[in-house]
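K.L.:
Could you look at this predicted model? Sequence included:
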Amino acid sequence: MSEIAEARPARFRRQICEHPCESGISSSVMSWARGTIELCGISAEKNHERQACGVLMGGGSAPGSRPATSVADNLTAVAKKYPVSPGGYIGNGRRRGKVIQHHASDPDATAQDLFATLANGAQLVESNEGGRITALFPDKSKVVFRPTSGSDGSPAVEVYNPTGRTKLPPRQKIHLMKEVS
Amino acid sequence: MNTTTLTFANAELKKIASNIGGRWNMRGASQSLPDGSFAVEKVFFSTSAASLTICASLVDVVIGENPDEVVSITIHDDPEEVRLASTRGSIYFQFKDEIVQSISVVRDVTQRYAGEICEWTFTADRGLIFELESGSIAICTGGDFTTDFFIATARKDEQLEVPDFRNLWESTLEERFETTRTQIPVANLLTDS
């Protein structure tokens, strides 16, 4: 693997994998201090455009599957792994306004997996600060990954669905909390 | 009734207005999509008068009973952002050398109703619209909750689609949100102080 030489926060670095993924394109690997998300970079070397089409290491979209045009297109995949309420709120904990708690044994890894599942098919833009990543879909719906949220420091995934398509609410924030054993 | 106001300060409006009559140079962002239509946290624009960066940051608020965050935008001189964007090739020269004929502030006013009573008024500037000789550019936040910007352009014979995400405010049985948008020429917002 060859590392992209860019100034990054200490916790966050991005690498381009030299091995093609199953769709035949090179994949980029986003690494945090405590976990790794694998994302496939369509035309990454050509125009720096990145498109998320994978989940945690070993994941990836099925060959020949239709690319998502909205975050709502990924709700079915999310519902296979996470509780989704009838109103479209994701998480197993209590909801207060637009903020939902989801408890997991490894909140960081779960946040990365949830983001990668929701961001499947989106274009990614990374923040200069704080390790934040925004995934934008063609219909302008988006998913934001925050390694640490402002309120309590837990990792958070935000979902914005301005089109009102399907059962996803217009916005929600999922805070990933440590599971109490 | 509670109010939250996140609008440009007069000093910022003066900096913005100083570009009127100048020649457009370029716009860009260090962290953006390749086509320049979307960027996170910062977008800069440059004219013969000044180079200014629109920055987005989150501010804590309480909406009803619940803590939440909304985005605030501010104007800065940020040569580092211009340098980073230039280094990464994320700069765009559409309308270069055209006169900046006017600049408007996009201002949203959101009101939260519980029943028929307005309990909270939130006034926030959401972006800028530049009128140039042969077209226009809109740089607006992607709604009230995230630190990103959508950038739209149009020629004179086209309709400028100003990014609009007001429908992210979701009304329920308990609360109702109404948002109105105005585009105000920056000169009309300037005060003498």
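P.N.:
Alright, I've got the coordinates.
K.L.:
Just checking: what are the partner strands of the helix or strand hosting B:R27?
P.N.:
Using DSSP states H and E, B:R27 sits in strand B:24-28. Using DSSP bridges, the strands paired with strand B:24-28 in its sheet are strand B:42-47 (antiparallel), strand B:91-92 (antiparallel).
K.L.:
Centroid-nearest residue for chain B?
P.N.:
The centroid of chain B falls nearest to B:G127 when counting by Cα atoms, centre = their mean (1.4 Å).
K.L.:
in the sheet, who's paired with that one?
P.N.:
Under the criterion used here (DSSP bridges), B:G127 is bridged to B:V106, B:C140.
K.L.:
mind listing the strands for chain A?
P.N.:
For chain A, the strands defined by DSSP state E cover A:2-3, A:12-20, A:26-32, A:35-40, A:95-96, A:99-104, A:123-126, A:133-136, A:142-146, A:156-160, A:171-178.
K.L.:
To clarify, my last question referred to chain B.
P.N.:
So, for chain B - with DSSP E - the strands run B:2-6, B:24-28, B:38-40, B:42-47, B:51-63, B:66-76, B:91-92, B:102-114, B:117-131, B:135-141, B:148-155, B:176-185.
K.L.:
pLDDT of the shortest one, averaged?
P.N.:
The average pLDDT for strand B:91-92 rounds to 96.
K.L.:
now do the first one
P.N.:
With pLDDT averaged residue by residue, strand B:2-6 scores 93.
K.L.:
angle of that strand against strand B:102-114?
P.N.:
Comparing the axes of strand B:2-6 and strand B:102-114 via axes from the mean of the first three to the mean of the last three Cα atoms, to 10 degrees yields an angle of 160 degrees.
K.L.:
and if you look at the second one?
P.N.:
Using the same axes, to 10 degrees, the inter-axis angle of strand B:24-28 relative to strand B:102-114 is 40 degrees.
K.L.:
in strand B:24-28, what counts as buried?
P.N.:
B:W24, B:N25, B:M26, B:R27, B:G28 (16 or more other Cβ atoms under 10 Å in any protein chain shown). Bear in mind the C-beta positions are built from the backbone N, C-alpha and C, glycine included.
K.L.:
For the second one, report the pLDDT, please.
P.N.:
You'll see B:N25 listed with a pLDDT of 97.
K.L.:
By mean pLDDT, show me the worst of the strands of chain A.
P.N.:
Among the strands of chain A, strand A:2-3 scores lowest, at a mean of 32.
K.L.:
Can you pull out the low-pLDDT segments for chain B?
P.N.:
B:192-193 (pLDDT under 70).
K.L.:
ok, now which ones touch residue 81?
P.N.:
Unless you meant another one, I'm taking chain A. Listed by Cβ atoms under 8 Å, 6 or more residues apart in numbering or on different chains, the contact set of A:K81 reads A:D113, A:L114, A:T117.
K.L.:
Chain B is the one I meant
P.N.:
Neighbours of B:E81 in contact, by Cβ under 8 Å, 6+ apart: B:A29, B:S30, B:K42, B:F44, B:T53.
K.L.:
If the last one is in a bridge, with which residues?
P.N.:
Bridge pairing for B:T53 (DSSP bridges) gives the partners B:F44, B:H76.
K.L.:
That one: neighbour count?
P.N.:
23 (other Cβ atoms under 10 Å in any protein chain shown).
K.L.:
Please verify my assumption that it contacts B:I73.
P.N.:
No. Judged on Cβ atoms under 8 Å, B:T53 makes no contact with B:I73 at a distance of 10.3 Å.
K.L.:
give me the residue from chain B nearest chain A.
P.N.:
B:N66 (3.2 Å; Cβ to the nearest Cβ).
K.L.:
Nearest spatial neighbour of that residue, chain-adjacent residues omitted?
P.N.:
Spatial nearest neighbour of B:N66, excluding adjacent residues (Cβ to Cβ, 6 or more residues apart in numbering or on different chains): A:G97 at 3.2 Å.
K.L.:
Could I get the average pLDDT for the helix ranked longest in chain A?
P.N.:
Criterion DSSP state H: the longest helix present in chain A is helix A:107-118. For helix A:107-118, mean pLDDT rounds to 96.
K.L.:
got the angle between it and strand A:142-146?
P.N.:
160 degrees.
K.L.:
and the angle for helix A:107-118 with strand A:156-160?
P.N.:
Using the same axes, to 10 degrees, the inter-axis angle of helix A:107-118 relative to strand A:156-160 is 20 degrees.
K.L.:
for helix A:107-118, packing partners?
P.N.:
The elements that helix A:107-118 packs onto, with contact taken as 3 or more Cβ pairs under 8 Å, 6 or more residues apart in numbering or on different chains; DSSP states H and E, are strand A:35-40, helix A:75-79, strand A:99-104, strand A:133-136, strand A:142-146, strand A:156-160, strand A:171-178.
K.L.:
okay, those in a markdown table with mean neighbour count next?
P.N.:
Converted to a markdown table, these look like this (neighbours: other Cβ atoms under 10 Å in any protein chain shown):
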| stretch | mean neighbour count |
| --- | --- |
| strand A:35-40 | 22 |
| helix A:75-79 | 16 |
| strand A:99-104 | 20 |
| strand A:133-136 | 26 |
| strand A:142-146 | 25 |
| strand A:156-160 | 27 |
| strand A:171-178 | 22 |
